[in-house]
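Enquirer: output the structure for:
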Amino acid sequence: MKENFMEVTFKAISINESFARLCVAGFCVQLNPSIDEIGDIKTAVSEAVTNCVVHAYPKHNGTITLRCEILGDSIKIVVKDQGIGIKDIEKAREPFYTTKPSEERSGMGFSVMESFMDKVEVEHNGDRGLCVTMYKQINSSAVQVSDAS
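Expert: Residues are numbered from 1 along each chain as shown. As a prediction, the model looks like this:
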């Protein structure tokens, strides 16, 4: 069973969303994911990080912690902030729910994460902030290349 992890903390600004996507994609390469699997993971990470940037720190900049763990043929991705949090997590997970309709937010962040990952958990991060944990089985990592000779 393969096991490995990485963790990075970065400023909660929109330009770092692409940095987070690339970090996770680079780390996942060791599982030999398909292009579709890596695309799914990058999309889910993008949504989680964007939620932190847009919602967690409305009055000041804060930080986001991104942790990835390889657990056998699966990836576990944790995105945490120390922002203002969400009072009603279940309501926030409903499609089209948004706290910022004036900014043309669609309210689909958690729905997108859930559609691209196998499992998504959302919980309060202690006294402040939110912790989003996402899991994805990498099916292509189980594919064995055989020698046809």
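Enquirer: secondary structure class for residue 112?
Expert: Three-state call for residue 112 (DSSP: H, G, I helix; E, B strand; the rest coil): helix.
Enquirer: from residue 16, how far off is it?
Expert: 19 Å (Cβ to Cβ, to the nearest Å). (C-beta placed from N, C-alpha, C; glycine too.)
Enquirer: now swap in residue 84 and tell me
Expert: From residue 84 to residue 16 the distance is 19 Å (Cβ to Cβ).
Enquirer: with neighbour numbers in mind, choose between those two.
Expert: More crowded of residue 84 and residue 16, by other Cβ atoms under 10 Å: residue 16, with 19 against 15.
Enquirer: how far away is that one from residue 49?
Expert: 7 Å.
Enquirer: residue 14 too?
Expert: For residue 14 relative to residue 49 (Cβ to Cβ), the value is 9 Å.
Enquirer: residue 72 now?
Expert: Separation of residue 72 from residue 49 (Cβ to Cβ): 25 Å.
Enquirer: looking at this protein, which helix or strand is least sure?
Expert: helix 89-92 (a mean of 66; mean pLDDT, DSSP states H and E).
Enquirer: show me the contacts for residue 67.
Expert: If you count contacts by Cβ atoms under 8 Å, 6 or more residues apart in numbering, residue 67 has them with 5-7, 77-78, 80.
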